[in-house]
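Enquirer: Quick one: sequence plus predicted model below, questions after.
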Amino acid sequence: MGVLAVTGTGTEIGKTVVTAAIAALALDAGRRVAVLKPAQTGVEPGEPGDVDEVARLAGPLTRRELARYPEPLAPDTAARRCARPAVGPRRIAAEAARLSADHDLVLVEGAGGLLVRYDEEGHTFADAVRAMADHGLPVDVVTVAPAGLGTLNNAALTAEALRHRGLPLLGVVVGAWPAQPDLASRCNLADLPAVTGAPLIGALPEGCAALGGPAFLDTARAALSPALGGSWDAAGLTAGHAAPLPQAVG
């Protein structure tokens with residue numbers, strides 16, 4: 001399966017849970033899985049980070065952090081404020097390559113969005129993905145987006161930035177699909193593929209991070225498409241939530 005780089009249209013939108021869902025399905029299929037978090041921010045030493053949350057939800061896997069900064073800021077800013085070394089794209093690519101040597105799938109979870117700065121030279125997560133590709137790794141990108149109003153512009157910008165750099169977008173996953181979706185969320189099921197030029201390949205139910213073990217695995221299978229190892233049907237969900245147009249008056 002190579003390398004999947006998991007990015008988002010912003011922060012706190014479900015990247016870690018999506019990463020865990022992909023990992024859970026791969027583990028259940030008997031694959032050797034590693035998760036790499038190049039820069040963990042907002043977590044003190046000894047506290048569990050995103051890779052630990054992935055393992056809690058998905059099961060035993062290889063966990064790797066390259067740097068940890070205590071303040072919840074962009075990696076470059078967080079590194080400068082605590083006077084710790086930043087993490088550049090070549091180091092990220094080298095670690096992904098090392099993990100790929102003895103794992104079937106390496107999940108690389110970014111911090112925030114695609115163009116968040118990682119070092120003082122202005123390198124971003126997009127540069128790390130480019131470095132992984134230049135390293136010869138078979139890498140695809142999964143973009144995680146929120147369901148509701150405002151998501152289309154950010155998703156379109158992320159897709160455009162990837163195309164501009166010649167980076168492959170496997171698809172878009174809705175990080176938290178609400179139990180009672182509003183009109184914007186329902187319309188966005190059809191509109192997200194249209195504005196990104198990439199398929200919708202999953203929609204994880206809101207609150208599923210409270211699960212673990214077999215229950216989370218079942219949720220992952222039902223919420224991710226076959227492209228990620230699940231059985232989710234994007235067309236079925238989109239059709240089921242289609243918002244009828246209002247009737248013309250007069």
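Expert: Sure, I can see it. Numbering: from 1, shown residues only.
Enquirer: Assign a three-state SS to residue 128, would you?
Expert: With DSSP: H, G, I helix; E, B strand; the rest coil as the basis, residue 128 sits in helix.
Enquirer: what about it, distance to residue 240?
Expert: Between residue 128 and residue 240 the distance, using CB to CB, to the nearest Å, works out to 37 Å. Where you see a C-beta, it was placed from the backbone N, CA and C, and this is true even at glycine.
Enquirer: if you count what's nearby, which of those two comes out ahead?
Expert: residue 128 (27 against 10; other CB atoms under 10 Å).
Enquirer: which residues does that one contact?
Expert: 5, 38, 89, 92-93, 108, 110, 118 (CB atoms under 8 Å, 6 or more residues apart in numbering).
Enquirer: Swap in 10 Å and give it another go.
Expert: By CB atoms under 10 Å, 6 or more residues apart in numbering, the contact set of residue 128 is 5, 7, 38-39, 87-93, 96, 108, 110, 114, 118, 139.
Enquirer: Let's see which of those residues end up in strands.
Expert: Those of those mapping onto strands are 5, 7, 108, 110, 139, per DSSP state E.
Enquirer: how about the helices in the chain?
Expert: 15-28, 50-58, 75-81, 89-100, 125-134, 151-164, 183-196, 213-223, 234-240 (DSSP state H).
Enquirer: most neighbours per residue, which of the ones you listed?
Expert: Highest mean neighbour count among these (mean count of other CB atoms under 10 Å): helix 15-28, with a mean of 25.
Enquirer: For that one, enumerate the helices and strands it packs against.
Expert: strand 2-8, strand 33-37, helix 50-58, strand 105-113, strand 139-145, strand 169-177, strand 200-205, helix 213-223 (3 or more CB pairs under 10 Å, 6 or more residues apart in numbering; DSSP states H and E).
Enquirer: give me that answer again for 6 Å
Expert: Judged by 3 or more CB pairs under 6 Å, 6 or more residues apart in numbering; DSSP states H and E, the packing partners of helix 15-28 are strand 2-8, strand 33-37, helix 50-58, strand 105-113, helix 213-223.
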